[in-house]
Each structure stands twice: as C-alpha cells, then as structure tokens.
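J.: What follows is a predicted protein model with its sequence.
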Amino acid sequence: MTSTVMEQPLNSYHLIAQTCLLAGKIILQNGGETYRVEDTMVRIAASYGIADAQSYVTPTGILFAMDASVPTTRLIRISERSINLRKVSLVNDISRRISGGQLDVSEAHRLLTEIDELPFAYPVWLQVLVAALASGCFLIMFGGQWHDFMAAVLAGGLGFGSVVVLHRLVPAKLFAEFAASLLLGGLTILLVKSGLALDLDTVIIASVMPLVPGLHITNAVRDLMAGHLVSGLSKGVEAFLTAFAIGAGIAAALSFY
C-alpha cells in the first residue's frame with residue numbers, strides 16, 4: 001500500500017515535467033522567444049503545484065528541473081527549428097487554460113501532443129505563391145515600376161521555393177540559402193538582359209525579402225532585452241549568417257553580370 005501511495009505522486013510529477021518540456025519544445029521549435037519558453041514552462045509547473053521549478057533554455061536545448069523535494073531533471077535537445085507561429089499561439093492558449101485551472105495535467109499533455117503532431121499550417125505550394133506575390137508587392141513599395149512586377153514575382157517564387165527544396169536535400173541551411181540566392185540573382189539578370197525587367201537592383205532587393213531572417217533578428221533583440229544573453233547572441237549570429245549567405249549568393253550572381 002505504501003509503495004502505491006508513493007508511486008502515484010512520482011508518476012504525476014514526471015507527467016508534469018513532460019508537459020512543461022513539451023510546451024517549451026513546441027514554442028522553441030516554431031519561432032518563439034527564449035524568455036517565452038522559460039516563462040511558459042515555469043507557469044505551467046506552478047499551476048500544478050511545483051512552486052520552485054527552474055528552466056534554462058538555449059536555441060539548441062532545454063533543461064528543466066523540479067524543486068528540491070522532487071528530484072526530477074530533464075534535458076531535451078532541439079535539432080531543427082522553423083517558423084510556425086500558429087503552434088506558438090495554440091500553446092499559449094493552453095498555458096492560459098492551465099493557469100486558469102481549466103485543464104488537468106493528463107488532458108494538457110494530450111492536447112500539447114496533438115499540437116506537436118500537427119502538420120505545417122500551409123502547403124509548400126501556397127507558401128511559394130505567397131512569397132512570390134509578396135516579392136511583387138515589395139517591388140512596388142520600394143518604388144519599382146509595374147513593368148518589373150512579374151519579374152519580381154518569378155524571382156521571389158524561385159528563391160523561396162529553392163530554399164525549401166534544397167534544405168530538404170542538404171541539411172546545411174546556409175548552403176541552401178546561398179544556392180537559392182544565386183539562382184534568384186541569375187534569373188533576375190537573365191530577365192533584365194532579355195528585356196523582361198528594367199531595374200536590376202530593385203527586382204533583386206524585392207525578391208530576396210521573403211528570405212530575410214526578420215523574425216530571427218526580432219527574437220534576438222527581444223531575448224537580449226530580456227537578459228538572455230546566450231540565446232540573444234546565438235540567434236543574432238544565426239541571423240547574420242543567413243544574411244551573409246543571401247548576400248554572398250547575390251554577389252556571386254552579379255559577378256557574372
């Protein structure tokens with residue numbers, strides 16, 4: 001009888017730890033800030049009676065520990081990250097429901113598992129189409145001519161689609177971004193030489209906008225302002241390397257112009 005009484009709380013503590021880690025992993029993998037991950041995990045733990053939970057988050061890993069009375073420490077590694085703010089929003093909603101006492105730990109873990117297994121909100125073809133149209137809109141916003149609208153649409157769609165395809169074939173994201181920028185720049189040069197586009201610079205600038213790591217830069221600044229120096233600096237370096245790969249690809253294409 002005594003063993004059963006002690007075993008049940010221990011299993012419950014393990015489930016709470018798994019729930020906290022799962023919520024943090026989903027947010028971190030889908031474009032959330034580091035301080036948001038830590039705050040969400042600690043709030044969920046506090047809602048289930050763990051008052052002294054501690055979490056330490058970097059862009060590549062999460063370390064979570066219960067209080068001294070519960071010797072439970074977990075570490076998970078984050079190997080892939082993308083941008084899916086819909087999942088971040090869903091986890092935030094579940095966290096608020098937990099804080100309001102509307103979900104028990106088993107139900108919360110089940111809902112978070114369902115969110116983690118959700119496919120990306122939009123298919124690849126739709127992402128490429130929207131990136132292409134956005135490139136055309138950026139062209140007009142930057143003062144380009146309507147004559148170059150379709151050139152920016154074609155180049156922007158090719159660049160974004162190339163990143164998606166190449167990243168699946170080659171694990172190195174920087175190589176995929178460099179190759180996509182090279183293809184984008186090459187296509188733009190061909191369009192200008194053939195007379196289908198007039199302003200080379202504006203078309204290239206508009207076409208690379210869907211590749212610019214805007215969210216990474218924003219998250220890096222917000223993490224630095226929140227005092228997460230390691231995460232802020234690492235995200236800033238990642239954004240810088242992405243921008244460097246894009247610029248190097250465009251420069252390589254222009255060197256043949």
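T.: Received, thanks.
J.: Name the residues of the helix or strand harbouring residue 111 that are buried.
T.: Here residue 111, judged by DSSP states H and E, is contained in helix 105-117. By neighbour count on 16 or more other C-beta atoms under 10 Å, the buried set for helix 105-117 is 105, 108, 109, 111, 112, 115. Placement of C-beta: from N, CA and C, glycine included.
J.: Identify the residues contacting stretch 144-152?
T.: 135-136, 138-140, 188, 191-192, 196-199, 202-203, 206-207 (C-beta atoms under 8 Å, 6 or more residues apart in numbering).
J.: typo on my end, stretch 76-90
T.: 21, 25-32, 36, 59-62, 115-116, 118, 120-121, 215.
J.: Can I take it that residue 102 is in a helix?
T.: No. Under DSSP: H, G, I helix; E, B strand; the rest coil, residue 102 sits outside any helix and is assigned coil.
J.: all helices for the stretch 151-257 of the chain, in order.
T.: 173-193, 200-208, 214-225, 229-255 (DSSP state H, counting those that start in this stretch).
J.: Quickly note the distance from residue 85 to residue 51.
T.: Distance of residue 85 to residue 51, given as C-beta to C-beta, to the nearest Å: 31 Å.
J.: Could you check which of the two has the larger neighbour count?
T.: Each of residue 85 and residue 51 has its neighbours counted (other C-beta atoms under 10 Å); residue 85 has more, 13 against 9.
J.: so where do the strands sit in the stretch 51-200 of the chain?
T.: With strands called from DSSP state E, counting those that start in this stretch, the stretch 51-200 of the chain shows them at 54-58, 61-65, 73-77.
J.: Just list the residues touching residue 42, thanks.
T.: Residue 42 touches 53, 54, 55, counting by C-beta under 8 Å, 6+ apart.
J.: Find the helix or strand that it is a member of.
T.: helix 34-47.
J.: mind listing what's buried in that helix?
T.: So helix 34-47, judged by 16+ other C-beta under 10 Å, has buried residues 34-45, 47.
J.: Quick one: those as CSV, columns for pLDDT too.
T.: Shown next, in CSV, are the buried residues of helix 34-47 (pLDDT from 0 to 100):
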residue, pLDDT
34, 88
35, 87
36, 89
37, 92
38, 90
39, 90
40, 93
41, 93
42, 92
43, 92
44, 93
45, 90
47, 90
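J.: quick check, nearest of those residues to residue 226?
T.: Distances from residue 226 to the buried residues of helix 34-47, taken as C-beta to C-beta, are shortest for residue 35 (4.1 Å).
J.: Let me see the domain layout of this structure.
T.: Per automatic domain parsing, the structural domains of the chain span 2-117, 124-255.
J.: now, of these, which is deepest in the fold?
T.: domain 124-255 (a mean of 19; mean count of other C-beta atoms under 10 Å).
J.: picking that back up, lowest-confidence stretch among the domains of the chain?
T.: Among these, domain 2-117 carries the lowest mean pLDDT, at a mean of 84.
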